[in-house]
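K.L.:
Dropping the sequence and predicted coords here.
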Amino acid sequence: MPELPEVETIVRQLAPRVEGRAVRDIVIADPRWCEPADPRAVEDALRGQRIDALRRRGKYLIAELGSGTALICHLRMTGTVLYDPDGDPPHTRVRIDLDDGHRLRWVDPRRFGTGHLVPDREALDAYLDARLALEPLDPRFTADHLRELARGRRAPVKAFILDQRRMAGVGNIYADEALFRARIHPLRPAGTLNRRQIEALREALIASLKDGIDARGATIDGYRDVDGVSGSFQDRFLVHRRAGRPCPECGTTVVKLVAAGRGTYLCPRCQPRPRTRTGARRPSAVNRRG
Ligand SMILES: [Zn+2]
């Protein structure tokens, strides 16, 4: 599923190509994309509009249009935006032709991706503010901010990271990678992280997202950039999807468990399980062997 680095990759590639261009024509072939809005009404509203700016917030892709309206898109599971593909690829849901002759195609096999039109910048801000918190790459996302977010939270830290209303843009891949880098067990209650772990987690989130952007995203569910090229971050995963393989730090076998309802990967040695509620410690395998 595209996360912050994948959407950022799309924006960096696409913005210089589409900003200042106008929508010559648009066909919404799948009404589910913009429901409950009427696809014909959305097409009429977008036709002829100049794209002033293309940007990202969290995992949302946002086109700010000349009239003050904005189109807010979310790729969800399998959405992809392609620039000048050969013909219309299979599963093309939306076709946009620009006034410079170039073509955009929204391709989405599972059809969960969305496009939502808002009438003005105020409505745009309200839409995003209702759904998204600060993202780790925001300069205001300090250790103090993260500590404040985590304070008193009993939810496992993995679920805490995935909650877009607490921090925006981090999904399953980057959560696993960041927790490994910070040496934090995914099931540890977020509120029990100490000052050092909070700082480590903040740095690890930022580093994982930046590495993902540098690798132009990760391709595991068919994600492609706007030129149809796969990302490469999946080749750099430290623990995510690496169950049964050695931890890159210590060689211990990476294991998979379920946290926050998601397949979660960790090194049981680098990310020790938190002590139980009573504080009782189970004897470790090393101790039993004497
Ligand atoms: Zn390890």
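P.N.:
All right, it came through fine.
K.L.:
Sheet-wise, list the partners of the helix or strand encompassing Leu54 with their directions.
P.N.:
Leu54 belongs to strand 51-57 when assigned by DSSP states H and E. Counting by DSSP bridges, the strands paired with strand 51-57 are strand 60-65 (antiparallel).
K.L.:
can you list contacts of the partner strand?
P.N.:
By Cβ atoms under 8 Å, 6 or more residues apart in numbering, the surrounding residues in contact with strand 60-65 are 7, 10-11, 18, 46, 49-56, 70-75, 81, 121, 124, 128, 131-132. For the C-beta atoms, the positions are set from N, CA and C on the backbone; glycine is no exception.
K.L.:
Now do the strands in this protein.
P.N.:
For the chain, the strands defined by DSSP state E cover 23-28, 51-57, 60-65, 70-74, 80-83, 92-98, 103-107, 114-118, 255-259, 262-266.
K.L.:
give me the residue from the stretch 1-150 of the chain nearest the ion.
P.N.:
With Cβ to the ion, the shortest gap between the stretch 1-150 of the chain and the ion falls at Pro136, namely 23.1 Å.
K.L.:
hey, which helix or strand in this protein has the poorest pLDDT?
P.N.:
Across the helices and strands of the chain, mean confidence by mean pLDDT, DSSP states H and E is lowest for helix 285-289: a mean of 42.
K.L.:
what about the stretch 1-150 of the chain, any weak spots by pLDDT?
P.N.:
Scanning the stretch 1-150 of the chain for pLDDT under 70 picks out nothing.
K.L.:
And the nearest residue to Ala155 once chain neighbours are set aside, what's its pLDDT?
P.N.:
Nearest non-adjacent residue to Ala155, counting by Cβ to Cβ, 6 or more residues apart in numbering: Ala190, 5.8 Å away. On pLDDT, Ala190 comes in at 97.
K.L.:
Show the contacting residues for Ala190.
P.N.:
149-150, 153-157, 159-160.
K.L.:
Swap in 6 Å and give it another go.
P.N.:
For Ala190, the contact set (Cβ atoms under 6 Å, 6 or more residues apart in numbering) comprises 150, 153, 155, 157, 160.
K.L.:
burial measure for the third one, as a count.
P.N.:
This points to Ala155. Ala155 has 18 neighbouring residues, counting by other Cβ atoms under 10 Å.
K.L.:
and what of the second one?
P.N.:
Using other Cβ under 10 Å, Arg153 is surrounded by 17 other residues.
K.L.:
Quick one: residues in contact with the strand holding Leu54.
P.N.:
With Cβ under 6 Å, 6+ apart as the test, strand 51-57 has contacts from 7-8, 11, 14-15, 18-19, 21, 62-64, 66, 128.
K.L.:
what's the answer for stretch 155-173, then?
P.N.:
With contact meaning Cβ under 6 Å, 6+ apart, stretch 155-173 is reached by 1, 3-4, 58-59, 132-133, 135, 149, 153, 175, 186-188, 190, 218, 240, 259-260, 262, 264.
K.L.:
Mind checking which of those residues are buried?
P.N.:
The neighbour count (16 or more other Cβ atoms under 10 Å) marks 1, 3-4, 58-59, 132-133, 135, 149, 153, 175, 186-188, 190, 218, 240, 259-260, 264 as buried among these.
K.L.:
ok, back up a step: can you pick the most crowded of the contacts of strand 51-57?
P.N.:
Greatest neighbour count in those, by other Cβ under 10 Å, goes to Val7: 27 neighbours.
K.L.:
Run a quick check on that one versus Gly58, I expect a contact.
P.N.:
No. Taking contacts as Cβ atoms under 6 Å, Val7 lies outside contact range of Gly58: 8.1 Å.
K.L.:
ok now the longest helix seen in the chain, how far from the chain's centre?
P.N.:
When the chain is parsed with DSSP state H, its longest helix is helix 195-214. Relative to its chain's centre, helix 195-214 lies at 14 Å (Cα atoms, centre = their mean, to the nearest Å).
K.L.:
Go through it and flag the buried ones.
P.N.:
197-202, 204-209, 211-213.
K.L.:
just stretch 125-144 next, same as before
P.N.:
Buried, per 16+ other Cβ under 10 Å, within stretch 125-144: 127-128, 131-137, 141.
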